[in-house]
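Visitor: just the structure for this:
(one chain, ligands or ions: 1)
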Amino acid sequence: MTDILTTATETPANAADEGGRIVLGPNQYGKAEVRVVKVTRDTDRHEIEDLNVTSQLRGDFAGAHLAGDNSHVVATDTQKNTIFAFARDGVGSPEAFLLRLAEHFTGSFDWVTGGRWLAESYAWERILAHGQEHDHAFVRSGQEVRTAAVVADGDDRHVIAGLKDLVVLKTTQSGFVGYPKDRYTTLQETTDRILATSVATRWRYRPGAEPDYNATYERVKAILLETFTEHYSAALQTTLFEMGQAVLERHPEIAEIRFSMPNKHHFVVDLAPFGLDNPNEVFYASDRSYGLIEATVTREGLEPAPGAWESVGAFC
Ligand SMILES: O=c1[nH]c(=O)c2[nH]c(=O)[nH]c2[nH]1
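Guide: Now for the predicted structure:
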(Lines give C-alpha, C1' and ligand atoms only; values in the text may rest on other atoms or scores of the structure.)
Protein backbone atom coordinates (compact mmCIF):
# COMPACT_ATOMS: atom_id res chain seq x y z
CA MET A 1 0.00 0.00 0.00
CA THR A 2 1.35 3.45 -0.84
CA ASP A 3 1.36 6.26 1.67
CA ILE A 4 -1.89 8.14 1.81
CA LEU A 5 -0.23 11.40 0.90
CA THR A 6 2.81 11.86 -1.30
CA THR A 7 5.95 10.94 0.57
CA ALA A 8 8.73 13.42 1.23
CA THR A 9 10.86 14.51 -1.68
CA GLU A 10 14.22 16.21 -1.29
CA THR A 11 15.05 19.48 -2.90
CA PRO A 12 18.43 18.91 -4.57
CA ALA A 13 19.41 22.49 -3.76
CA ASN A 14 18.96 21.86 -0.05
CA ALA A 15 20.30 18.34 0.10
CA ALA A 16 23.78 19.44 1.12
CA ASP A 17 22.64 21.89 3.81
CA GLU A 18 23.79 21.22 7.30
CA GLY A 19 21.17 20.16 9.80
CA GLY A 20 17.71 18.94 8.81
CA ARG A 21 17.19 19.06 5.12
CA ILE A 22 14.14 20.88 3.90
CA VAL A 23 11.90 18.53 2.00
CA LEU A 24 8.40 18.49 0.59
CA GLY A 25 6.02 16.68 2.88
CA PRO A 26 2.57 15.23 2.25
CA ASN A 27 0.51 17.26 -0.17
CA GLN A 28 -2.74 17.29 -2.07
CA TYR A 29 -4.46 19.90 -4.19
CA GLY A 30 -7.61 20.47 -6.16
CA LYS A 31 -10.78 22.52 -6.36
CA ALA A 32 -12.84 23.02 -3.24
CA GLU A 33 -16.57 23.53 -2.97
CA VAL A 34 -17.78 23.20 -6.53
CA ARG A 35 -21.49 23.92 -6.29
CA VAL A 36 -23.15 21.78 -8.91
CA VAL A 37 -26.88 21.48 -9.42
CA LYS A 38 -28.16 18.81 -11.81
CA VAL A 39 -31.70 18.98 -13.14
CA THR A 40 -33.06 15.89 -14.84
CA ARG A 41 -35.77 17.01 -17.23
CA ASP A 42 -36.54 14.02 -19.45
CA THR A 43 -40.19 14.53 -18.58
CA ASP A 44 -42.20 17.51 -17.31
CA ARG A 45 -41.63 16.20 -13.80
CA HIS A 46 -38.10 17.45 -13.11
CA GLU A 47 -35.66 16.00 -10.56
CA ILE A 48 -32.97 18.02 -8.81
CA GLU A 49 -29.61 17.02 -7.29
CA ASP A 50 -27.69 19.73 -5.42
CA LEU A 51 -24.10 19.15 -4.34
CA ASN A 52 -21.02 20.90 -3.05
CA VAL A 53 -18.03 18.87 -4.29
CA THR A 54 -14.34 19.03 -3.45
CA SER A 55 -11.70 17.20 -5.53
CA GLN A 56 -8.11 16.84 -4.39
CA LEU A 57 -5.39 14.83 -6.08
CA ARG A 58 -2.45 13.03 -4.48
CA GLY A 59 0.57 11.67 -6.29
CA ASP A 60 3.79 13.01 -7.76
CA PHE A 61 3.53 16.77 -7.69
CA ALA A 62 7.07 17.43 -6.55
CA GLY A 63 7.96 19.18 -9.82
CA ALA A 64 5.42 21.92 -9.25
CA HIS A 65 6.36 22.46 -5.62
CA LEU A 66 10.12 22.31 -6.10
CA ALA A 67 10.93 23.34 -9.66
CA GLY A 68 8.03 25.31 -11.10
CA ASP A 69 7.28 22.39 -13.43
CA ASN A 70 3.53 22.13 -13.95
CA SER A 71 3.62 19.17 -16.31
CA HIS A 72 1.91 16.97 -13.69
CA VAL A 73 -0.50 19.59 -12.43
CA VAL A 74 -4.01 18.73 -13.57
CA ALA A 75 -5.35 22.26 -13.17
CA THR A 76 -7.84 22.82 -10.39
CA ASP A 77 -9.93 24.50 -13.08
CA THR A 78 -9.90 21.23 -15.05
CA GLN A 79 -10.95 19.34 -11.94
CA LYS A 80 -13.88 21.73 -11.52
CA ASN A 81 -14.89 21.32 -15.18
CA THR A 82 -14.72 17.54 -14.84
CA ILE A 83 -17.19 17.67 -11.96
CA PHE A 84 -19.67 19.63 -14.10
CA ALA A 85 -19.11 17.36 -17.10
CA PHE A 86 -19.68 14.22 -15.05
CA ALA A 87 -22.88 15.72 -13.64
CA ARG A 88 -24.24 15.78 -17.20
CA ASP A 89 -24.75 12.00 -16.80
CA GLY A 90 -26.47 12.46 -13.45
CA VAL A 91 -25.23 12.17 -9.91
CA GLY A 92 -27.08 9.07 -8.71
CA SER A 93 -25.68 9.13 -5.21
CA PRO A 94 -22.94 11.39 -3.84
CA GLU A 95 -20.82 8.32 -3.04
CA ALA A 96 -21.14 6.87 -6.57
CA PHE A 97 -20.42 10.28 -8.07
CA LEU A 98 -17.23 10.67 -6.02
CA LEU A 99 -16.12 7.14 -6.91
CA ARG A 100 -16.52 8.00 -10.61
CA LEU A 101 -14.33 11.06 -10.13
CA ALA A 102 -11.72 9.00 -8.26
CA GLU A 103 -11.59 6.41 -11.06
CA HIS A 104 -11.32 9.11 -13.69
CA PHE A 105 -8.43 11.03 -12.16
CA THR A 106 -6.43 8.02 -10.99
CA GLY A 107 -7.07 6.22 -14.29
CA SER A 108 -6.25 9.14 -16.59
CA PHE A 109 -2.98 10.40 -15.15
CA ASP A 110 -0.20 7.92 -14.26
CA TRP A 111 1.23 10.11 -11.53
CA VAL A 112 -2.10 10.57 -9.74
CA THR A 113 -1.93 7.69 -7.27
CA GLY A 114 -4.89 8.71 -5.18
CA GLY A 115 -6.91 11.55 -3.83
CA ARG A 116 -9.73 12.73 -1.72
CA TRP A 117 -13.19 13.64 -2.93
CA LEU A 118 -15.82 15.14 -0.67
CA ALA A 119 -19.45 16.09 -1.13
CA GLU A 120 -22.19 17.73 0.81
CA SER A 121 -25.66 17.32 -0.63
CA TYR A 122 -28.71 19.43 0.00
CA ALA A 123 -32.21 18.01 -0.19
CA TRP A 124 -35.11 19.64 -2.02
CA GLU A 125 -38.72 18.58 -1.91
CA ARG A 126 -41.53 19.47 -4.27
CA ILE A 127 -43.66 22.44 -3.28
CA LEU A 128 -47.18 21.35 -2.43
CA ALA A 129 -49.28 23.74 -4.50
CA HIS A 130 -53.07 23.47 -4.38
CA GLY A 131 -52.71 20.05 -2.77
CA GLN A 132 -50.45 18.76 -5.58
CA GLU A 133 -46.71 18.14 -5.64
CA HIS A 134 -45.33 20.62 -8.14
CA ASP A 135 -43.41 19.27 -11.15
CA HIS A 136 -40.61 21.80 -11.21
CA ALA A 137 -40.85 24.05 -8.12
CA PHE A 138 -39.03 22.96 -4.99
CA VAL A 139 -38.48 24.05 -1.42
CA ARG A 140 -35.24 23.28 0.38
CA SER A 141 -35.93 20.44 2.78
CA GLY A 142 -33.74 18.20 4.78
CA GLN A 143 -33.32 18.49 8.47
CA GLU A 144 -29.66 17.78 7.87
CA VAL A 145 -26.86 18.03 5.35
CA ARG A 146 -25.78 14.73 3.83
CA THR A 147 -22.02 14.19 3.50
CA ALA A 148 -19.86 11.77 1.54
CA ALA A 149 -16.13 11.16 1.22
CA VAL A 150 -14.12 8.90 -1.04
CA VAL A 151 -10.41 8.33 -0.51
CA ALA A 152 -8.38 6.57 -3.21
CA ASP A 153 -4.97 5.22 -2.30
CA GLY A 154 -3.50 3.09 -5.06
CA ASP A 155 -6.11 0.40 -5.64
CA ASP A 156 -7.79 0.95 -2.27
CA ARG A 157 -11.08 2.82 -2.09
CA HIS A 158 -12.57 4.05 1.15
CA VAL A 159 -16.18 5.23 1.16
CA ILE A 160 -17.45 7.23 4.11
CA ALA A 161 -21.04 8.45 4.23
CA GLY A 162 -22.53 10.71 6.82
CA LEU A 163 -24.65 13.64 7.84
CA LYS A 164 -24.38 16.78 9.94
CA ASP A 165 -26.67 19.40 11.48
CA LEU A 166 -29.35 16.85 12.40
CA VAL A 167 -30.79 18.67 15.44
CA VAL A 168 -32.81 16.51 17.82
CA LEU A 169 -34.33 17.13 21.24
CA LYS A 170 -36.36 15.19 23.77
CA THR A 171 -38.15 16.91 26.61
CA THR A 172 -37.76 14.10 29.15
CA GLN A 173 -36.33 10.58 29.56
CA SER A 174 -32.87 12.02 30.09
CA GLY A 175 -30.82 12.72 33.19
CA PHE A 176 -27.29 13.03 34.48
CA VAL A 177 -26.32 11.73 37.92
CA GLY A 178 -23.47 9.92 39.62
CA TYR A 179 -20.64 12.08 38.31
CA PRO A 180 -17.70 12.98 40.59
CA LYS A 181 -18.18 16.05 42.78
CA ASP A 182 -15.22 18.23 43.68
CA ARG A 183 -14.84 21.77 44.98
CA TYR A 184 -15.58 23.14 41.49
CA THR A 185 -18.77 21.15 40.93
CA THR A 186 -21.96 23.18 40.95
CA LEU A 187 -24.05 21.08 38.54
CA GLN A 188 -27.14 19.62 40.23
CA GLU A 189 -28.02 16.02 39.55
CA THR A 190 -31.21 15.50 37.58
CA THR A 191 -33.24 12.57 36.35
CA ASP A 192 -35.48 14.71 34.17
CA ARG A 193 -33.89 17.15 31.75
CA ILE A 194 -34.05 18.16 28.13
CA LEU A 195 -31.58 16.27 25.94
CA ALA A 196 -30.70 18.07 22.73
CA THR A 197 -27.90 17.71 20.24
CA SER A 198 -26.91 18.33 16.65
CA VAL A 199 -25.79 15.00 15.28
CA ALA A 200 -22.74 14.89 13.04
CA THR A 201 -21.83 11.35 12.06
CA ARG A 202 -19.83 9.52 9.44
CA TRP A 203 -19.89 5.81 8.76
CA ARG A 204 -17.33 3.85 6.78
CA TYR A 205 -18.46 1.11 4.45
CA ARG A 206 -16.51 -2.12 4.46
CA PRO A 207 -14.02 -2.28 1.58
CA GLY A 208 -15.73 -3.85 -1.43
CA ALA A 209 -19.26 -3.23 -0.12
CA GLU A 210 -21.53 -2.05 -2.89
CA PRO A 211 -24.65 -0.95 -1.06
CA ASP A 212 -27.49 1.12 -2.42
CA TYR A 213 -25.98 4.30 -0.99
CA ASN A 214 -29.18 6.36 -1.12
CA ALA A 215 -31.37 3.68 0.48
CA THR A 216 -28.78 2.94 3.16
CA TYR A 217 -28.49 6.62 3.94
CA GLU A 218 -32.23 6.88 4.59
CA ARG A 219 -32.21 3.73 6.73
CA VAL A 220 -29.26 4.86 8.83
CA LYS A 221 -30.85 8.26 9.40
CA ALA A 222 -34.09 6.57 10.49
CA ILE A 223 -32.20 4.27 12.89
CA LEU A 224 -30.35 7.24 14.41
CA LEU A 225 -33.60 9.13 14.99
CA GLU A 226 -35.51 6.13 16.33
CA THR A 227 -32.73 5.17 18.71
CA PHE A 228 -32.53 8.71 20.04
CA THR A 229 -36.17 8.40 21.12
CA GLU A 230 -35.71 5.03 22.81
CA HIS A 231 -34.46 4.32 26.35
CA TYR A 232 -33.87 6.64 29.26
CA SER A 233 -30.62 8.51 28.51
CA ALA A 234 -28.20 8.37 31.45
CA ALA A 235 -25.79 10.61 29.49
CA LEU A 236 -25.39 11.84 25.94
CA GLN A 237 -22.46 9.42 25.79
CA THR A 238 -24.83 6.48 26.41
CA THR A 239 -27.25 7.66 23.74
CA LEU A 240 -24.43 8.17 21.23
CA PHE A 241 -23.22 4.61 21.75
CA GLU A 242 -26.72 3.17 21.46
CA MET A 243 -27.25 5.05 18.19
CA GLY A 244 -24.02 3.67 16.74
CA GLN A 245 -24.66 0.17 18.03
CA ALA A 246 -28.11 0.10 16.41
CA VAL A 247 -26.64 1.13 13.05
CA LEU A 248 -23.86 -1.49 13.16
CA GLU A 249 -26.22 -4.27 14.30
CA ARG A 250 -28.53 -3.68 11.36
CA HIS A 251 -25.93 -2.84 8.71
CA PRO A 252 -23.16 -5.43 8.37
CA GLU A 253 -21.88 -3.56 5.31
CA ILE A 254 -20.92 -0.67 7.61
CA ALA A 255 -17.57 -1.26 9.32
CA GLU A 256 -17.66 1.52 11.91
CA ILE A 257 -19.38 4.80 12.70
CA ARG A 258 -18.16 8.00 14.31
CA PHE A 259 -20.05 10.79 16.00
CA SER A 260 -19.53 14.35 17.10
CA MET A 261 -22.45 15.52 19.22
CA PRO A 262 -22.65 18.79 21.14
CA ASN A 263 -24.74 18.72 24.29
CA LYS A 264 -27.09 21.64 23.61
CA HIS A 265 -27.78 22.57 27.20
CA HIS A 266 -31.24 23.73 28.27
CA PHE A 267 -31.19 25.27 31.73
CA VAL A 268 -34.31 25.49 33.87
CA VAL A 269 -34.96 29.20 34.51
CA ASP A 270 -35.45 30.23 38.12
CA LEU A 271 -38.86 31.92 38.12
CA ALA A 272 -39.05 32.16 41.94
CA PRO A 273 -38.17 35.90 41.90
CA PHE A 274 -41.46 36.38 40.02
CA GLY A 275 -43.41 34.25 42.50
CA LEU A 276 -43.72 31.45 39.94
CA ASP A 277 -42.79 27.81 40.06
CA ASN A 278 -41.03 26.14 37.13
CA PRO A 279 -41.69 22.43 36.96
CA ASN A 280 -39.34 21.86 34.00
CA GLU A 281 -41.38 24.03 31.66
CA VAL A 282 -39.36 27.18 30.94
CA PHE A 283 -35.75 26.79 29.80
CA TYR A 284 -32.89 28.96 28.75
CA ALA A 285 -31.42 27.43 25.57
CA SER A 286 -27.73 28.17 25.91
CA ASP A 287 -25.72 28.19 22.67
CA ARG A 288 -22.31 28.21 24.34
CA SER A 289 -20.40 26.84 26.08
CA TYR A 290 -21.54 23.30 25.29
CA GLY A 291 -20.44 19.80 26.10
CA LEU A 292 -18.89 18.06 23.10
CA ILE A 293 -19.21 14.29 23.02
CA GLU A 294 -17.27 12.43 20.33
CA ALA A 295 -16.73 8.71 19.87
CA THR A 296 -16.26 5.87 17.44
CA VAL A 297 -18.53 2.84 17.62
CA THR A 298 -16.70 -0.03 15.99
CA ARG A 299 -16.39 -3.80 15.79
CA GLU A 300 -13.94 -5.81 17.86
CA GLY A 301 -11.02 -6.97 15.71
CA LEU A 302 -11.85 -4.63 12.84
CA GLU A 303 -8.87 -3.69 10.70
CA PRO A 304 -8.38 0.04 11.28
CA ALA A 305 -8.44 2.43 8.33
CA PRO A 306 -6.53 5.50 9.48
CA GLY A 307 -6.07 6.73 5.90
CA ALA A 308 -9.80 6.91 5.40
CA TRP A 309 -10.44 8.90 8.55
CA GLU A 310 -7.44 11.18 8.21
CA SER A 311 -9.15 12.66 5.19
CA VAL A 312 -12.25 13.79 7.08
CA GLY A 313 -10.81 14.77 10.45
CA ALA A 314 -10.62 12.82 13.68
CA PHE A 315 -14.35 12.53 14.23
CA CYS A 316 -16.76 14.34 11.95
O1 LIG B 1 -24.85 13.84 29.10
C2 LIG B 1 -23.98 14.49 29.69
N3 LIG B 1 -22.67 14.11 29.63
C4 LIG B 1 -21.68 14.79 30.24
O5 LIG B 1 -20.48 14.42 30.16
C6 LIG B 1 -22.04 15.95 30.97
N7 LIG B 1 -21.31 16.86 31.67
C8 LIG B 1 -22.19 17.79 32.12
O9 LIG B 1 -21.88 18.81 32.79
N10 LIG B 1 -23.46 17.47 31.75
C11 LIG B 1 -23.39 16.33 31.02
N12 LIG B 1 -24.34 15.59 30.38
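Visitor: show me what the mean pLDDT comes to for stretch 125-135.
Guide: Averaging pLDDT along stretch 125-135 gives 98.
Visitor: could you double-check that residue 58 sits in contact with residue 27?
Guide: Yes. Using C-beta atoms under 8 Å, residue 58 makes contact with residue 27 at a distance of 7.4 Å. Yep, even glycine has a C-beta here, placed from its N, CA and C like the rest.
Visitor: who's more crowded, those two?
Guide: Higher neighbour count among residue 58 and residue 27: residue 58, with 27 against 17, using other C-beta atoms under 10 Å.
Visitor: for the more buried one, helix, strand, or coil?
Guide: Following DSSP: H, G, I helix; E, B strand; the rest coil, we place residue 58 in the strand state.
Visitor: and the next helix or strand past the top helix by length along the chain?
Guide: If you go by DSSP state H, the chain has its longest helix at helix 213-229. Later in the chain than helix 213-229, the nearest helix or strand by DSSP states H and E is helix 236-250.
Visitor: list the contacts for the residue in the stretch 1-150 of the chain that the ligand sits nearest to?
Guide: Here the stretch 1-150 of the chain gets closest to the ligand at one residue, residue 144, 21.3 Å apart by C-beta to the nearest ligand atom. The neighbours of residue 144, taking C-beta atoms under 8 Å, 6 or more residues apart in numbering as the test, are 163-166, 199, 221.
Visitor: related to what we said a few turns ago, which other residues reach the longest helix of the chain?
Guide: Residues from elsewhere that reach helix 213-229, judged by C-beta under 8 Å, 6+ apart: 92-96, 144, 146, 148, 159, 161, 163, 166, 168, 170, 199, 201, 203, 239, 242-243, 246-247, 250-251, 253-254.
Visitor: tell me what angle that helix forms with helix 236-250.
Guide: Interaxial angle, helix 213-229 versus helix 236-250 (axes from the mean of the first three to the mean of the last three C-alpha atoms, to 10 degrees): 140 degrees.
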